[in-house]
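*Asks:* what follows is a protein structure lacking sequence information:
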Ligand code: ARG
């Protein structure tokens, strides 16, 4: 082969390679433009909340869903809604998935699909530090209790006989009501209660060790989109395998998930 021909062949090969790479690149760009519309109720630290300027969404769920989106090749778009508006938004197709410390239960499973469980939780009580009359859940009988609307706390506390339930739009409002002495206790997910006590600098309240229920959090997906549910579960599985889940867990809870 003459030198000239060799140069020509190489040039042709390089052009072809560039074309192939170019195609791949375009495909990738198109993929990364897929948007995952995520519904959250961003008032549930350390799972989902906004920084002091009220801009950046942060928390365990936020890191997890961003990692899930990345694994799936989707751009994550966060939509902040009321907690009791999340399932209706999924049903209406306004959001694709919802991650919000949402407990998997039978009632919700009638309306939406849930991913594999990603966090184990339960309910606990916060009372004023000088409160000696409430030590466990049965003691809430006849007492005023603040809960967030539409949560498992609201459902469980209502089962207690003679309890006066006061429902609020956010868990921040329930804590405020306790501070204002409008209620005797707050019932909420334990990690959220513990985080509040740790971060708020509030010294006049205490979390009680008594735990009601054992609950699993799941990512909710519209029933119309089985394919998306599979993608979410695949992504979760990969994040467990590659250590990313544990990394996020340790960042927010200081211990490993195992
Ligand atoms: N785990 C509870 C439930 O599913 C409370 C969740 C509240 N989440 C939130 N982001 N406000 O009912």
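*Replies:* Great, that's in hand. Source: prediction; values computed, not measured.

*Asks:* where does the stretch 51-200 of the chain come near the ligand, residue by residue?
*Replies:* 83, 100-103, 148, 151-152, 189 (CB under 6 Å from any ligand atom). For the C-beta atoms, the positions are set from N, CA and C on the backbone; glycine is no exception.

*Asks:* what would those residues look like in JSON lines with neighbour count?
*Replies:* Formatted as JSON lines, these follow (neighbours: other CB atoms under 10 Å):
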{"residue": "83", "neighbour count": "23"}
{"residue": "100", "neighbour count": "25"}
{"residue": "101", "neighbour count": "26"}
{"residue": "102", "neighbour count": "28"}
{"residue": "103", "neighbour count": "23"}
{"residue": "148", "neighbour count": "27"}
{"residue": "151", "neighbour count": "25"}
{"residue": "152", "neighbour count": "24"}
{"residue": "189", "neighbour count": "25"}
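
*Asks:* return the helix or strand in this protein with minimum mean pLDDT.
*Replies:* Within the chain, no helix or strand scores below helix 3-32, which has a mean of 54 by mean pLDDT, DSSP states H and E.

*Asks:* give me the subset of the residues of the stretch 51-200 of the chain next to the ligand lying in strands.
*Replies:* 148, 189 (DSSP state E).

*Asks:* pick the one among the residues of the stretch 51-200 of the chain next to the ligand closest to residue 34.
*Replies:* Closest approach to residue 34 among these (CB to CB): residue 100, at 21.8 Å.

*Asks:* distance of that closest one from residue 242?
*Replies:* 25 Å (CB to CB, to the nearest Å).

*Asks:* next, the buried residues of the longest strand seen in the chain.
*Replies:* The strand that spans the most residues within the chain, counting by DSSP E, is strand 119-128. Across strand 119-128, burial judged by 16 or more other CB atoms under 10 Å covers 119, 121-128.

*Asks:* re earlier: could the residues of the stretch 51-200 of the chain next to the ligand be laid out in a markdown table, adding pLDDT?
*Replies:* Rendered in a markdown table, the data for those read as follows (pLDDT from 0 to 100):
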| residue | pLDDT |
| --- | --- |
| 83 | 97 |
| 100 | 98 |
| 101 | 98 |
| 102 | 98 |
| 103 | 98 |
| 148 | 97 |
| 151 | 98 |
| 152 | 97 |
| 189 | 97 |
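
*Asks:* now distance to residue 177 too, for the residues of the stretch 51-200 of the chain next to the ligand, in CSV please.
*Replies:* Converted to CSV, these look like this (distance: CB to CB, whole Å):
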residue, distance to residue 177
83, 16
100, 21
101, 20
102, 23
103, 22
148, 11
151, 15
152, 19
189, 17
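
*Asks:* among the residues of the stretch 51-200 of the chain next to the ligand, which are in helices?
*Replies:* residue 152 (DSSP state H).

*Asks:* and the residues of the stretch 51-200 of the chain next to the ligand, which is closest to residue 135?
*Replies:* Nearest member of these to residue 135, counting by CB to CB, is residue 189, at 19.5 Å.

*Asks:* now do the helices in the stretch 51-200 of the chain.
*Replies:* Remark: helices assigned in the stretch 51-200 of the chain by DSSP state H, counting those that start in this stretch are 60-72, 86-92, 106-109, 152-158, 171-179, 190-200.

*Asks:* ok, then the element right after the last one?
*Replies:* In the C-terminal direction, the helix or strand that comes right after helix 190-200 (DSSP states H and E) is strand 205-207.

*Asks:* who's in contact with residue 248?
*Replies:* 60, 63-64, 67, 239 (CB atoms under 8 Å, 6 or more residues apart in numbering).

*Asks:* surely it is in a helix?
*Replies:* Yes - assessed with DSSP: H, G, I helix; E, B strand; the rest coil, residue 248 lies in a helix.

*Asks:* what sits against residue 146?
*Replies:* With CB under 8 Å, 6+ apart, residue 146 has these contacts: 166-168, 173-174, 177-178, 182-183, 185-187.
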